[in-house]
Each structure stands twice: as structure tokens, then as C-alpha cells.
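1. no sequence for this one, just the structure:
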């Protein structure tokens, strides 16, 4: 942008030229720097710097000290990473998140697209439907976990409903079921947001495509599969990436719903382990290493989703 | 046929979404929340005892005030600095614009939770901001999604509007305040709602920075009550659900009141960009 301005004014009187040189340095409207500065500083303070600090901590023997106290924190190379990757608790938590994602992500994509397609167009009770789907998304996890605890407890309503079919041990204390229940909970809680994303994307699918699909003899299902699904591909990438991020962030649900990732770590998550190791047990160095591994994992998975969905 | 199926799927789905809220509400008013199937219908015996019970264990008013200050601080930061940044990103040309835009997008991919250790070290250990409102607010002070929404809305305004005002000699601040801002009011509502649910519902961060019960937002004090009381009290659910109702009511009420501002097209311009 500044390049073109510079070539355009070449040959103008010296004053204009010096102004263009200034423009090349700070941009055409330097007041933009002032307006954006608070946000830029904020990003540096709570994003860029912590990211660097996380990497730094993860390569050192770091421990908490009182503010202002000078302590030695020797460089230990990859030792924290070795500790973390060899720790069965950490391995378990990563496997748990993989299980979580395998349940949550496909379920989220399919259900939100189907519900959005159903909601699209004229339909009675639209406001009510939209509000219903959206209610869990706007409500605090802590409040929703309270109801799920009540419903999925040993003699809760769900087991009451299932009668003899109720699992034993019950849902949240059953090591095979705790993680799936958490995955269902998060799918349910986040679905409204993804329905909204798909609804927005559906507005961009040209009506003519449906008409030509119909004239080619495609049924509703055919049109859905051949027109709707490819038409919202960009949104699908976004849904995949965002739901993966939600999975990587899992903390409140295992902390409260399964009482700290229980039973026996069967529903622990990396962020929960980060909290337990880093803050409860005072090992911020290994916890920071978990964070760095997770950040890299999220970026890789996001890239993979993008490549996978937009491959042609 | 397919029409009936469509309605059936949509309304049965909606029922699954609404039922837990309904169950939470009616159980919170029962003297002893039952789990039998019959308990799905209120069985008389309406009582406010559960609300009194939770209030005796968790100072509801103080917790709500804390939640309010935390949320208010974040909203203030987002609306003031987020609008400025969104306007600059959309309408001005300045050095570093591309970098800032790319960082804004990147921040939304690398989530805050993964940086809690360094942020905890900074806020609590280095600056000693534990048990303070500032320590709670700072990491959330400007919501990047809101900045993005502001940018998209400012971007959608016609360029002639701005060039004409600049020709008339209006300063950028004046253009932003008296021309652009009134035109993007829907974006303000959308972004405010979206920003509101972040801090109001946030658990992990305020849980880490507040150890003093008088400073804890409601999400934290309720969670502490749940994890401390679980398994000990005979029937703790009445009080827990009453607390859950108090925590969810403001967010649900706000979204119900402003739901028309939270539509596909409002968010869509934020998503398609």
C-alpha cells in the first residue's frame, strides 16, 4: 500500500515528497497507530509475552518465588518436556482429549449443520427454536454442570428413566463413560453457537443451485448432500477448528462434573493436569511444557483441518 | 411428510436443549428435589428455602457484585479500546496494520487457557494482583472477537462517507464518534452480548486469582460450593440448583431480550470476513 503511494508522488515538490516518506514510515494515517495502540499493547502483554514466557519457563527449572525475590532458575534444556511426555497422567489426559474430540467434533459438525439447515428459511416458532438452541451456549458451564450432576447422579433422573438399563457404576464414576458424558455435555453446550455459524454460511449458498439440483431430479437429501454440504465448506473448517480448540481447553467440566478428572484420571484433561501440576503442586515448569505442547497441537490440528476440508 | 419430520426434529431437539433449564428451575423451588420421573412436574410445596440455603453458604449478593465488576471492567475495556482498534483496522492505513490484524486472528486460535501458567506467574507472582479486580480483568480486558466484529462492521460502511467527512476537515476521532459509531450500533449490541458471556461465565481464571471468598465471582463461589459439598450433604442439590439459577438468569435474560441482535447476519459479517 505505502509502496504505491510512494511511486505515485514521485516528481512532486519536495514537501510532498517528504510527506510521502513519512507516510512510508508510519502509514498514510498515523493516527491509526494511536487508536490501535491500546489493543496492540494488550496483545503483547497477555498474548505475545506470555507465549514467550511459557516457552522460557518450559526450558528452565522454574518454581514460584515471592514477588521481587531474585532466585536462580537454571536452564534445563528439554528435561521438562521429557518429564511431561513420560508422565502417565499427562499421556492419559492427552488420550482423553483425543477420545473427547472423536466424539465431540463429528457430532458437533453433523448436528449443527442438520439443525441449521432445518432452521433455515421460513419456519414457525423460529425465535423460540433459536433461543432454545442458544440457551446452553450463553449459560455458565458451572450452572449447567450443576444440573447435569443432578440428572446423571447415581439415583438421578437419567438412571431412573433407564431403570434396569442404567450403567453400573453410574455415568460420572464409570471410567468408560465419564469422558463420553463430558463430550456430550460440551457438544450440547456449544451446539447453538455452531448452528448460528452454519446459519450465516447458509445465507451464502446461492438459491439457483438448489433449483438446478431439483431439476436434475435430486431429492431433498441429494440437494443437502450435493449443494448444502459443499456450499458451507468454509464454515465447516471454522467449526472443526473451533471445536478442536474447545476440546484442548477443557477444564471446568472434568474439574466439576467428574470431580477432578475422575475416576482415576479417566476423564482428566491437559488443562486440568496443568492446573494440578503447575499450581496445586507448584511445578510451573512442567505445566508450561504441557501448555506449549498443546499450543503446537492445536495449531497443527487447525492446519490439518484446513487442508483436509479445503483440499480442492 | 418431510415438513412434519423437519418440525418434529427441530422441536424435539429444542426440548433437549430447554429441558435442563426447566428442570433446574423447578427443582430449585422444591423443598427436597426428587429424582423420580414424577418430579419433572412440580409437586406443589413451592419454597424459597433453597435460595436461603445457598445464600447462607455463599454470599450471593457479594458474589454477584464481584461478577458484575469483573464483567463490567471487561465490557468497558472492550467497548472503548476495541472500537478504537476495530475502526483503525478497518478504516485507516498505518504501519503495523497487517501485523495487528494477523495477531488478532491468531489470538483466537491459541486460547487463553493454554497460557494460564505464564499469565498466572505474571499477574499473581510478579505483579501481586491476586485477589484483586484488576488481576481478574486484565487478561480479558479487550475481547478479540469483539474487535473483529467491530472491524467487519466499520469495513461494511461506504468509503464515500469517510472521504467526504475528511474533505470537510473532520478529525478521525470526530468521524468515528459522530458518523461511524451511530451507524454500527447493532455491532455494539452484538459485541457487548458476546463479550458479556465471557467474564460472567468464566471459571478457570477467577478461580486461580481469587482465594478470598469476598472477591470471588458467583461462578467461582458456586463451583467451590459444589466441589466441597458434593457427597457430604444429604441432599445438596436444592441449594446447588438455586445457585445455578441465579448464575444463569442474567445471561439468559439478556440474550432473550436482545435475541434479535444476535442473528446469523449480525454474526455472519463477522464470520465471513
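-> Structure received. If you're wondering where the values come from, they're calculated on a predicted model, not measured in any experiment.

2. distance of the nearest residue to residue B:236 once chain neighbours are set aside relative to residue B:244?
-> Sequence neighbours aside, residue B:229 is the residue nearest to residue B:236 in space, at 4.8 Å (criterion: CB to CB, 6 or more residues apart in numbering or on different chains). (Each C-beta comes from the backbone N, C-alpha and C, glycine too.) Relative to residue B:244, residue B:229 is positioned 13 Å away (criterion: CB to CB, to the nearest Å).

3. from the contact counts, what lies against the one helix or strand residue B:165 maps to?
-> With elements taken from DSSP states H and E, the one containing residue B:165 is helix B:159-167. Judged by 3 or more CB pairs under 8 Å, 6 or more residues apart in numbering or on different chains; DSSP states H and E, helix B:159-167 is in contact with helix B:172-175.

4. pretty sure residue B:142 sits against residue A:38.
-> Yes: in terms of CB atoms under 8 Å, residue B:142 counts as a neighbour of residue A:38; the distance is 7.4 Å.

5. so what sits against both of those two?
-> Common neighbours of residue B:142 and residue A:38, using CB atoms under 8 Å, 6 or more residues apart in numbering or on different chains, are B:81, B:85.

6. show me which of these two is the more surrounded one.
-> Legend: neighbour count by other CB atoms under 10 Å in any protein chain shown for residue B:142 and residue A:38, higher for residue B:142 (24 against 17).

7. count the residues that sit near residue 167.
-> Because you didn't say which chain, this covers chain A. The number of residues packed near residue A:167 is 13, by other CB under 10 Å.

8. that's the wrong chain, I wanted chain B
-> When neighbours are defined as other CB under 10 Å, residue B:167 has 8 of them.

9. tell me the pLDDT of it.
-> Per-residue confidence for residue B:167 comes out at a pLDDT of 90.

10. any idea how far it is from chain A?
-> Applying CB to the nearest CB, to the nearest Å, one obtains 14 Å for the distance of residue B:167 from chain A.

11. report the central residue of the chain.
-> Went with chain A since none was named. Taking CA atoms, centre = their mean as the criterion, residue A:245 is the residue nearest the geometric centre of chain A, at 2.2 Å.

12. think we crossed wires, I meant chain B
-> Closest to where the C-alpha atoms of chain B average out (CA atoms, centre = their mean) is residue B:197, at 1.0 Å.

13. which helix or strand contains that one?
-> Using DSSP H and E, the element containing residue B:197 is helix B:185-201.

14. what is that helix packed up against?
-> Based on contacts counted as 3+ CB pairs under 8 Å, 6+ apart, the elements that helix B:185-201 packs against are helix A:126-138, helix B:60-77, helix B:144-155, helix B:237-257, helix B:264-272.

15. is it true that residue B:238 touches residue B:32?
-> Yes: counting by CB under 8 Å, residue B:238 touches residue B:32, with 6.7 Å between them.

16. between these two, who's got more neighbours?
-> For residue B:238 versus residue B:32, neighbours defined as other CB under 10 Å are more numerous around residue B:238 (23 against 15).

17. got a list of what that one touches?
-> Taking CB under 8 Å, 6+ apart as the definition, contacts of residue B:238 comprise B:27, B:28, B:30, B:31, B:32, B:33, B:49, B:50, B:53.

18. show me how to select, in ChimeraX, the buried members of those residues.
-> Buried residues within the contacts of residue B:238, as defined by 16 or more other CB atoms under 10 Å in any protein chain shown, are selected in ChimeraX through the command that follows:
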select /B:27,28,30,33,50,53
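
19. on that earlier part again, in terms of mean pLDDT, which of the helices and strands packed on helix B:185-201 ranks lowest?
-> Within the helices and strands packed on helix B:185-201, confidence is poorest for helix B:264-272, with a mean of 48 (mean pLDDT).

20. residues near the closest residue to the residue nearest to the centre of chain B other than its chain neighbours, how many?
-> Spatial nearest neighbour of residue B:197, excluding adjacent residues (CB to CB, 6+ apart): residue A:138 at 5.1 Å. For residue A:138, the number of neighbouring residues by other CB under 10 Å comes to 26.
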